[in-house]
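Undergrad: Let me see the structure of the following:
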Amino acid sequence: MAAKDWLEQLRAARKTALIADGKRKIHYLFDNGKEMAEDYDMKTNLLLVRKWREKNALGAWGSWQVEVGEPNLLLPGTLDHELIKESSTNPIFTRKDTKRSFQWRIRNLPYPKNVYSVSVEKDQRCCVVRTTNKKYYKKFSIPDLDRFQLSMESTSLSFTHANNTLIITYLKPIEILTAEEELQKELKKITAANNGDGEFPVADVSIIPTRQQSGRCFIENIQNSSSSVEVCSKAGDQLSTENGTQQDTTRARKEPFSYCNPAS
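TA: Residues are numbered from 1 along each chain as shown. The predicted structure follows:
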């Protein structure tokens, strides 16, 4: 029943699809206001990224919380990036699933395999990584099992170590494998909002002659069948005019719209 409930939530969510860089990107907006974004490899249908965000008490969107894929990195040039920088030698915990299993990788762990122990804590519904030298400890849950209300099994858990990386694997239950197949069928029904090369299709627009000039900007009204957008072009650009002068307006169709302040 839990599997059907989760699939129904996914079906009921407002979904948008984009195709870029060989990935199908799906954005979900749920009835409770939460957002989820997923990236799938177009060739293998493997899940590459899953992240969540929701609004805080003041109504502003919080930062994305990564469930699958590389963790969030501070953006270069921001104050946080200048003041806080994580050491490159610190352990880095990431999740990267395969077709048949959930998989986590912890990089920068140089100890031999016999130092580690990985166990399932059923009462806390989590996995725990320990080391005999007391140098590393990690506790993490498997949200997929929680969403499907499935118990955790020690027999499904295994780990290995290579190249300073601890690799932890948990076999996916049959319920989740079946649900993922159903979900892929649903996602393939969604028409991508772009043309497949990462760019949105250019609207067939018409440019109305300039009627207002202010400072360095000419105001144009770009109209299509569904919307009207007001944009600016710098002085000196060749535009259509009311006196009938024939001038080139092709650039306005092909270049991205640039917004500016008419008063500047």
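Undergrad: can you count the residues close to residue 120?
TA: The number of residues packed near residue 120 is 19, by other Cβ atoms under 10 Å. Glycine gets a C-beta too; all of them are placed from N, C-alpha and C.
Undergrad: Check which residues of the helix or strand hosting it are buried.
TA: Assigned by DSSP states H and E, residue 120 falls within strand 116-121. Neighbour counts using 16 or more other Cβ atoms under 10 Å place 116, 118, 120 of strand 116-121 among the buried residues.
Undergrad: Just after it, pick out the following helix or strand.
TA: Downstream of strand 116-121 (by DSSP H and E), the next one is strand 126-131.
Undergrad: That following strand pairs with which strands, parallel or anti?
TA: strand 116-121 (antiparallel), strand 137-140 (antiparallel) (DSSP bridges).
Undergrad: Next, format those as TSV and append distance to residue 55.
TA: Shown next, in TSV, are the strands paired with strand 126-131 (distance: least, Cβ to Cβ, whole Å):
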stretch	distance to residue 55
strand 116-121	32
strand 137-140	26
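Undergrad: Now do the longest helix belonging to the chain: which elements does it pack against?
TA: Longest helix in the chain, counting residues (DSSP state H): helix 174-187. The helices and strands touching helix 174-187, judged by 3 or more Cβ pairs under 8 Å, 6 or more residues apart in numbering; DSSP states H and E, are helix 2-12.
Undergrad: how about the helix or strand just after the helix it packs on: buried residues?
TA: The element immediately downstream of helix 2-12 (helix or strand, assigned by DSSP H and E) is strand 14-20. By 16+ other Cβ under 10 Å, the buried positions in strand 14-20 come out as 15, 17-19.
Undergrad: helices or strands up against the helix or strand following strand 14-20?
TA: As assigned by DSSP H and E, the chain's next helix or strand after strand 14-20 is strand 23-29. In terms of contacts (3+ Cβ pairs under 8 Å, 6+ apart), strand 23-29 is packed against strand 14-20, strand 35-41.
Undergrad: can I get the CA coordinates of stretch 103-112 in PDB?
TA: Taking C-alpha atoms only, stretch 103-112 is exported to PDB below (Å, rounded to 0.1, in the frame of the first residue of the first chain):
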ATOM      1  CA  GLN A 103      25.100   2.900  -3.000                       C
ATOM      2  CA  TRP A 104      27.100   5.300  -0.900                       C
ATOM      3  CA  ARG A 105      30.700   6.400  -1.300                       C
ATOM      4  CA  ILE A 106      32.800   7.900   1.400                       C
ATOM      5  CA  ARG A 107      36.000   9.300  -0.100                       C
ATOM      6  CA  ASN A 108      39.200  10.200   1.800                       C
ATOM      7  CA  LEU A 109      39.200   7.200   4.100                       C
ATOM      8  CA  PRO A 110      42.700   5.800   3.900                       C
ATOM      9  CA  TYR A 111      42.400   3.000   6.500                       C
ATOM     10  CA  PRO A 112      42.400  -0.700   5.400                       C
END
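Undergrad: Contacts made by it with the rest, please.
TA: Stretch 103-112 has contacts (Cβ atoms under 8 Å, 6 or more residues apart in numbering) with 89-97, 116, 129, 131, 133, 135-136, 138, 140, 161, 164-170.
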